[in-house]
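Asks: Just need the structure, nothing else, for what follows:
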Amino acid sequence: MSSTKPVNKLDKKILIVGAGPSGLTAGRLLAEAGCQVRILDQRNHIAGNCYDETDEHGVLLHRYGPHYFRTSSRDLLDWLNQFTDWIPGRYYVRASVAGKLIPLPIILASMTALKQRIFTREIFEGHLEQQREYFNQP
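Replies: Take a look at the predicted model:
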């Protein structure tokens, strides 16, 4: 006869370091599975770099810079809607690089804007191959 007791899900204690979107999502899913979860963060708020706060005038501020969320997954959006409200919109994000505004995330149009020549997929792959650095691995 074995002297070990059956493992109870509540006996599983999980420590997650970081209360950003990934840490909070993992913590939530583990807690729903019956684990005891503790989440620690060095900041005094949750949400990591996605944290928003409202100033004394009611203006929503992005302390760590602007952020937006994109997904084509209806299931993911439905799950997230349990926890937050979203401001729908079409966002066109640009970064200023060498005095030029380029689309983000990086796409072929970004390379076209940076290099001021048309980039097709084939041209871009060739460009990447020319820029590639090879390193000897130990």
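Asks: who touches the nearest residue to residue 17 once chain neighbours are set aside in this structure?
Replies: Nearest residue to residue 17, sequence neighbours excluded (CB to CB, 6 or more residues apart in numbering): residue 40, at 5.4 Å. C-beta coordinates here come from the backbone N, C-alpha and C atoms, glycine included. Residue 40 makes contacts with 15-19, as judged by CB atoms under 8 Å, 6 or more residues apart in numbering.
Asks: Which phi and psi values does residue 40 adopt?
Replies: phi -120, psi 150 (degrees, to the nearest 10).
Asks: could you pull out the helices for this structure?
Replies: 21-32, 74-80, 108-115, 121-131 (DSSP state H).
Asks: ok, residues contacting the first one?
Replies: Applying CB under 8 Å, 6+ apart, the external contacts of helix 21-32 come out as 14, 16-17, 37, 39, 41, 46-48, 50.
Asks: What subset of those residues is buried?
Replies: 16, 37, 39, 41, 47-48, 50 (16 or more other CB atoms under 10 Å).
Asks: Out of these, name the two that are farthest from one another.
Replies: The span of the buried ones among the contacts of helix 21-32, defined through CB to CB, is set by 37 and 50 at 19.7 Å.
Asks: would you turn the helices of the chain into a markdown table with distance to residue 89?
Replies: As requested, those are exported to a markdown table (distance: least, CB to CB, whole Å):
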| stretch | distance to residue 89 |
| --- | --- |
| helix 21-32 | 19 |
| helix 74-80 | 14 |
| helix 108-115 | 20 |
| helix 121-131 | 29 |
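Asks: I'd like the distance between the residue most central in space within the chain and residue 69.
Replies: Nearest to the geometric centre of the chain sits residue 21, at 6.8 Å (CA atoms, centre = their mean). Computed as CB to CB, to the nearest Å, the residue 21 to residue 69 distance reads 9 Å.
Asks: I appreciate the help and will end here.
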